[in-house]
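# Take a look and give me a structure for this.
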Amino acid sequence: MQIDFQDSDDWRFISDQVMGGVSTGRVDFHAADGRHYATLVGDVSTENNGGFIQIRRDVDGLPASATAMVLTVRGNGAAYKVHLRTRQSERPWHYFAASFDAPAEWTDITLPLADFVPNKDHLQAPVNPADVRSIGIVAYGADYDARVEIARIVLR
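Presented below is the predicted three-dimensional model:
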């Protein structure tokens, strides 16, 4: 299964402002050099109990045989996260997370599903691929200028 960024309607931008934070940002969609990609850019601020910007897409499960996500990314060298919300996620802030650094050149980053860590005690690890309801690419948890570009996500 491959998830791409050709249809921008599949993705939505969300920031900590939904809960009183002050982070700002946006997502832009591009087509260049034979690929479609999204650019998540913004100012992440932990002021006022905030600290995230993200793009998120709903999915109806991932292939049951999936053991890893391979992201094609580039960015400003900062750390980013992938958040997976599952059927166990009762609230928007319940998710499984894995981190990656976004290098300056297009790079494939492999994130084994077994490495995704639940952020709440009631979420049972490991992630069950068939239970995944959304995928988020997130700039999170620190004060920094975010810039990450994502061209595709391949489940293998």
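
# quick check: longest strand of this protein.
If you go by DSSP state E, the chain has its longest strand at strand 144-155.

# list the buried ones in that strand?
Residues 144, 146-155 are the ones in strand 144-155 that count as buried (16 or more other C-beta atoms under 10 Å). (C-beta placed from N, C-alpha, C; glycine too.)

# can you check stretch 53-66 too?
Across stretch 53-66, burial judged by 16+ other C-beta under 10 Å covers 53-57, 59, 62, 66.

# Could you list which of these belong to strands?
Counting by DSSP E, the part of the buried residues of stretch 53-66 found in strands is 53-57.

# tell me which of those is nearest to F29?
Distances from F29 to those, taken as C-beta to C-beta, are shortest for I55 (9.9 Å).

# Could you check how far the closest one is from V127?
Going from I55 to V127 by C-beta to C-beta, to the nearest Å gives 19 Å.

# now swap in V82 and tell me
To V127, V82 is 11 Å away according to C-beta to C-beta.

# Now the common contact residues for these two.
The contact sets of V82 and V127 overlap at F116 (C-beta atoms under 8 Å, 6 or more residues apart in numbering).

# distance between stretch 15-32 and the chain's centre?
Computed by C-alpha atoms, centre = their mean, to the nearest Å, the chain-centroid distance of stretch 15-32 equals 12 Å.

# For the ones in strands among the buried residues of stretch 53-66, give me CSV that also has distance to V22 and pLDDT.
CSV is the format used below for those (distance: C-beta to C-beta, whole Å; pLDDT from 0 to 100):
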residue, distance to V22, pLDDT
I53, 11, 98
Q54, 15, 98
I55, 19, 98
R56, 20, 97
R57, 25, 96
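
# Which residue, other than its chain neighbours, is closest to R156?
Excluding its sequence neighbours, the residue lying closest to R156 (C-beta to C-beta, 6 or more residues apart in numbering) is A68, at 5.6 Å.

# Touching, the one you found and T110? I think so.
Yes - counting by C-beta atoms under 8 Å, A68 does reach T110; the two are 5.4 Å apart.
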